[in-house]
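>>> Coordinates for the following, if possible.
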Amino acid sequence: MDLHLVDSVVSSLRRHSICQLLITLLTNSRYEAHPQRHLFINEWPALLTTLAAHEDPLVRVATQEFARALVTKELTAEVSRLAEKESGWHISAVNARAEQFGTFTIDGMARRMQEQAPVLSTLLGALLNSDPTRTQRQRQFSEEQVRSAVDPSAVEMDVTWGEEDEYWCDADLDMLGPDVDDEAPPRGAENAAEGEIRSDAERKAAQLKKRHHRAVERRDALLVIRRVVVTSILTFSTNQQCNALAAVMGMFFHSTSTPELVVEVFAHAGLSLSLTTVHKMVNSLSKSANDELRERAKTKILAFAYDNFDMDFKSWSPTIDNPRDTLKHATSALAFPLEHDVTPEDLECCTALWNTNRLNPDIPREQHRSIHSWVSLITSPSPDRRDRTKRIFAWHFRHALIMYCKLFERFREHLGSPETIEQIPIKQTTHIPCRAMDINQSTADGQAEILENLFAQANIGDPTDTPNVEDIREYVVLVHGDLGTGERLDGSLASRAIERKPVRGLRNVVFVLGLFHLQMAGADAIWRMFIEPKAQRTEPNGLYQQACKIRPHDSGQIGSKPGFRLMHDLILQCAAARMLDIWRVEVEKHRSLEEYAASSSWLDLERMSLLLAEKYLDKSTAKDGEFRNNTLILGRLLDYVELTHAMKHGDIGRVENMFLCWVCIFKSVGKHKYASQLVKTMLDLKFIYPERLARHDGFRAVDWLVELMNLYIKVVYGSSGYARTFQLILKQSPLIEVFRRIHQTMQDNFHLLHRSVRHAPPDLTNTIQALCDLLRKNKAHKFDDSRKSYDLKHHMNDGLYLLQSTVTNKLSTEETAGEIEDIDVDDELGVDDLEADL
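Presented below is the predicted three-dimensional model:
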């Protein structure tokens with residue numbers, strides 16, 4: 001610029017400063033449209049750059065100090081706005097709500113930051129990626145890795161990238177976990193064609209490119225997470241009530257039993273609440289946890305399920321003054337809103353049921369309901385019903401063939417499902433954890449106390465006894481449980497029959513046997529029939545020999561106390577292998593299995609499966625002893641397979657259809673209590689309960705969820721160390737779903753991939769093949785009338801005989817003696833046992 005012009009401008013200012021000139025130029029409306037004003041505004045960044053880098057320290061320092069003060073003021077204002085209550089990041093420690101933890105999202109916080117604090121968001125984004133050239137080099141390095149996978153000779157790694165940098169780049173890929181298609185397919189012969197090798201290289205390049213793309217997505221997601229974390233520390237330090245992230249982290253640490261030292265470290269870093277605040281929040285959530293339960297109970301269509309659990313607090317040290325037992329007995333419970341169009345009117349039948357109950361002392365004898373026996377359940381077997389059962393078993397034959405024989409995989413799309421009888425519509429089960437109770441369930445008084453406690457938690461009962469409760473005097477309440485629960489509830493009902501009020505007399509309670517416990521009893525019955533007898537363990541085609549073939553290291557456990565999961569797996573695998581061997585034997589009478597697979601149609605498979613179901617099941621009069629025994633074994637295994645499949649797919653009609661069969665089996669193996677309970681259930685459904693009650697929500701394996709809750713209470717969220725007390729376990733038991741929601745929130749928001757607990761099913765090809773080889777070697781299903789074998793009991797006929805020779809629904813002393821194990825089939829269920837039903 002011409003210096004003479006500068007001198008003239010300066011001299012013309014006289015006593016005024018350049019600052020005054022600029023202020024007047026920018027603020028006076030007279031110059032609002034002046035070209036020099038617009039030119040000055042456009043050149044303002046260049047002026048600031050000159051001032052910030054000026055040689056004169058006074059100019060440079062003053063400019064930088066002003067800029068820092070201005071940015072600091074803007075940033076502190078934005079942090080203050082974010083820390084206000086309107087931001088939605090406040091979670092009260094004394095009035096916390098469970099839904100606040102479910103709605104927390106990192107992405108939501110990032111969006112609010114961008115809206116309310118754009119300067120802070122931009123600054124943190126720049127600071128967290130302060131070396132953008134490094135990111136560019138890393139991406140270039142990844143691209144060259146992909147190209148080199150296709151043609152190693154065509155790429156030269158010219159990127160400046162040290163060994164340490166390469167290690168961290170590969171570490172980013174490793175943290176992603178294996179991809180579903182990362183496993184390379186089997187390579188061909190060593191002299192494979194060049195085209196095949198090239199395609200293999202291209203496949204590897206595509207996989208590598210996909211993984212690098214996921215690594216880029218992961219780095220971008222982590223930048224968002226870290227930006228939100230830094231902002232949360234700032235807002236939490238500004239206003240301790242702005243604690244959304246700290247509250248979620250604190251509850252997450254509490255649910256995972258994180259050591260107190262670690263929690264305190266994170267609390268001091270601003271990433272978690274203090275231990276005292278976390279405990280207050282647990283108290284607050286525990287107190288308000290039954291709000292949803294009480295709201296649901298107002299609908300009068302709420303069912304309950306409960307079960308006992310034991311915990312051993314070995315850290316306690318009994319003394320002479322306080323000789324307390326370290327083993328504590330408690331009861332956990334869940335509430336289930338009844339679905340599928342159930343209405344309160346469907347359950348409004350308490351008085352009608354009591355007016356015909358034989359326990360009612362106020363009605364004449366002639367008004368008592370009729371006594372029915374198991375014979376009333378037997379109807380003339382129609383041809384359609386017999387054919388339907390055969391068609392269902394034939395489907396299981398086809399299922400085994402298609403699922404475990406690769407020659408028939410092409411028919412998988414035709415397999416479908418077995419014929420349904422009464423299918424429950426698919427709907428996710430809603431359940432509400434109740435507060436665990438310090439009550440021993442093993443007595444009749446304990447059962448009554450548990451129900452009174454649950455009614456109090458749900459705020460339901462008799463208003464004449466407890467004011468302000470929801471009146472359920474005319475409504476029944478479904479209670480799910482195991483066999484022991486049902487027996488003790490019957491005892492409580494009998495002892496309280498003289499009560500004048502229905503709620504006090506527990507007349508509202510309708511017991512529903514848990515199907516998961518029935519399934520476990522069925523697995524135990526299979527063990528009693530075919531493994532426990534010593535004579536059957538030496539039979540080459542016996543179930544014990546098969547089990548030891550595929551589980552050689554578990555032979556001792558199989559022969560003594562195998563547990564539910566082990567027996568469940570063995571039954572399904574042995575049943576599948578036996579059905580496959582039957583297919584082989586029948587087909588090879590005319591041609592090879594390969595020829596049959598190549599030439600047969602789906603209609604051929606259907607016809608053949610019906611023939612197999614007719615010819616190879618329950619042939620008790622067969623002259624071949626080995627063949628006879630194997631048909632009996634497979635018949636009982638298929639009974640269990642059908643029960644399991646019907647339960648898993650919600651076909652209550654098929655489940656009920658199997659009840660009488662299992663009554664006979666339970667009678668035969670000495671499980672008389674389960675037999676009697678099943679008979680009672682069927683009689684109640686057919687003759688006692690109104691149709692609207694009998695057809696709604698009667699049979700669900702909800703006891704499986706109760707066992708799962710016990711596992712969460714005792715093991716997963718049971719705390720550890722000296723903080724693990726019985727009172728803490730009871731207090732936080734209603735928060736199981738909150739803890740699970742927080743764990744899911746942490747996985748979703750912190751980009752924690754590949755944390756699924758549902759693993760791929762195991763490959764049973766070799767296992768089934770080993771069983772088939774054993775059956776083929778021993779000619780298990782090849783008829784030979786000259787063979788003799790151990791005379792295996794026909795348990796169905798034996799159980800039917802016992803039903804006819806004993807008093808229905810009345811257990812003699814001989815029958816009940818030594819049957820305590822029938823009440824609690826599962827002494828201690830673990831994760832494996834619960835996963836068996838998935």
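
>>> And the helices in the stretch 351-500 of the chain?
Here the stretch 351-500 of the chain has its helices, by DSSP state H, counting those that start in this stretch, at 383-404, 412-415, 444-458, 483-495.

>>> Need the ones you listed in a markdown table (columns: mean neighbour count and distance to Val229).
Just so you know, the C-beta spots here come from the backbone N, C-alpha and C atoms, and that holds for glycine as well. Converted to a markdown table, the helices of the stretch 351-500 of the chain look like this (neighbours: other CB atoms under 10 Å; distance: least, CB to CB, whole Å):
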| stretch | mean neighbour count | distance to Val229 |
| --- | --- | --- |
| helix 383-404 | 18 | 48 |
| helix 412-415 | 12 | 48 |
| helix 444-458 | 20 | 38 |
| helix 483-495 | 20 | 48 |
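
>>> For Asn283, which of those helices is the nearest?
helix 444-458 (16.6 Å; CB to CB).

>>> could the helices of the stretch 351-500 of the chain be laid out in a markdown table, adding distance to Thr430 and mean pLDDT?
Formatted as a markdown table, the helices of the stretch 351-500 of the chain follow (distance: least, CB to CB, whole Å; pLDDT from 0 to 100):
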| stretch | distance to Thr430 | mean pLDDT |
| --- | --- | --- |
| helix 383-404 | 31 | 89 |
| helix 412-415 | 32 | 92 |
| helix 444-458 | 15 | 91 |
| helix 483-495 | 22 | 88 |
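
>>> Out of those, which gets nearest to His590?
helix 383-404 (16.4 Å).

>>> So which of the helices of the stretch 351-500 of the chain is nearest Phe530?
helix 383-404 (18.4 Å).

>>> Export the closest one to CSV, keeping only CA atoms.
Provided in CSV are the C-alpha atoms of helix 383-404 (Å, rounded to 0.1, in the frame of the first residue of the first chain):
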residue,chain,number,x,y,z
PRO,A,383,-58.6,-92.4,13.3
ASP,A,384,-57.8,-88.8,12.7
ARG,A,385,-56.0,-88.4,16.1
ARG,A,386,-54.0,-91.5,15.6
ASP,A,387,-53.0,-90.4,12.1
ARG,A,388,-52.1,-86.9,13.4
THR,A,389,-49.8,-88.4,16.0
LYS,A,390,-48.2,-90.6,13.3
ARG,A,391,-47.8,-87.6,11.0
ILE,A,392,-46.1,-85.5,13.7
PHE,A,393,-43.6,-88.3,14.5
ALA,A,394,-43.1,-88.8,10.7
TRP,A,395,-42.1,-85.1,10.5
HIS,A,396,-39.4,-85.7,13.2
PHE,A,397,-38.1,-88.5,11.0
ARG,A,398,-37.9,-86.2,8.0
HIS,A,399,-36.3,-83.4,10.2
ALA,A,400,-33.5,-85.8,11.3
LEU,A,401,-32.8,-86.9,7.7
ILE,A,402,-32.7,-83.4,6.2
MET,A,403,-30.8,-81.7,9.0
TYR,A,404,-28.2,-84.3,9.6
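
>>> Packing partners of it?
helix 412-415, helix 564-587, helix 602-615, helix 625-648 (3 or more CB pairs under 8 Å, 6 or more residues apart in numbering; DSSP states H and E).

>>> just to revisit the earlier point, need the helices of the stretch 351-500 of the chain in a markdown table (columns: distance to Lys204).
Output for these, formatted as a markdown table (distance: least, CB to CB, whole Å):
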| stretch | distance to Lys204 |
| --- | --- |
| helix 383-404 | 32 |
| helix 412-415 | 30 |
| helix 444-458 | 59 |
| helix 483-495 | 57 |
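
>>> Nearest to His649, out of these?
helix 383-404 (11.9 Å).

>>> what angle do that closest one and helix 602-615 make?
110 degrees (axes from the mean of the first three to the mean of the last three CA atoms, to 10 degrees).

>>> Report the separation between the residue lying closest to Leu407 once chain neighbours are set aside and Arg591.
Distance criterion CB to CB, 6 or more residues apart in numbering; nearest residue to Leu407, sequence neighbours excluded, is Ala597 at 3.8 Å. According to CB to CB, to the nearest Å, Ala597 and Arg591 sit 10 Å apart.

>>> same thing with Val512?
Taking CB to CB, one finds Val512 at 51 Å from Arg591.

>>> Give me the more crowded residue out of these two.
Remark: of Val512 and Arg591, Val512 carries more neighbours, 22 against 12, as counted by other CB atoms under 10 Å.

>>> And the helices in the stretch 101-250 of the chain?
Counting by DSSP H, counting those that start in this stretch, the helices of the stretch 101-250 of the chain are 106-116, 118-128, 132-150, 163-174, 194-238, 244-255.

>>> Now do the buried residues in the first one.
Across helix 106-116, burial judged by 16 or more other CB atoms under 10 Å covers Ile106, Met109, Ala110, Arg112, Met113, Gln116.

>>> The last one touches Ser87, doesn't it?
What that stands for is Gln116. Yes: using CB atoms under 8 Å, Gln116 makes contact with Ser87 at a distance of 7.1 Å.

>>> Find the residues that touch each one of the two.
Arg81 (CB atoms under 8 Å, 6 or more residues apart in numbering).

>>> Who are the contact partners of the residue nearest to Leu120 when sequence neighbours are not counted?
Distances taken as CB to CB, 6+ apart put Glu78 closest to Leu120, at 4.8 Å, once the chain neighbours are dropped. For Glu78, the contact set (CB under 8 Å, 6+ apart) comprises Gln116, Ala117, Pro118, Val119, Leu120.

>>> Does Glu78 belong to a helix, a strand or coil?
Of the three states, Glu78 takes helix under DSSP: H, G, I helix; E, B strand; the rest coil.

>>> and the gap between it and Val228?
Following CB to CB, the distance that separates Glu78 from Val228 is 14 Å.

>>> Tell me which residues touch Pro463, please.
Contacts of Pro463 (CB under 8 Å, 6+ apart): Val469, Asp471.

>>> what's the distance between it and Lys501?
Counting by CB to CB, the gap from Pro463 to Lys501 is 11 Å.

>>> which secondary element of the chain has the worst mean pLDDT?
helix 813-816 (a mean of 38; mean pLDDT, DSSP states H and E).

>>> Where does pLDDT dip in the stretch 51-200 of the chain?
138, 141-200 (pLDDT under 70).

>>> try it again with 80
Within the stretch 51-200 of the chain, the segments meeting pLDDT under 80 span 51, 131-200.

>>> Surely Met682 touches Met658?
No: at 11.1 Å, Met682 does not count as touching Met658 under the criterion of CB under 8 Å.

>>> who has more neighbours, those two?
Met658 (21 against 18).

>>> Let me see the contact set for the more buried one.
Met658 neighbours (CB under 8 Å, 6+ apart): Asp639, Glu642, Leu643, Ala646.
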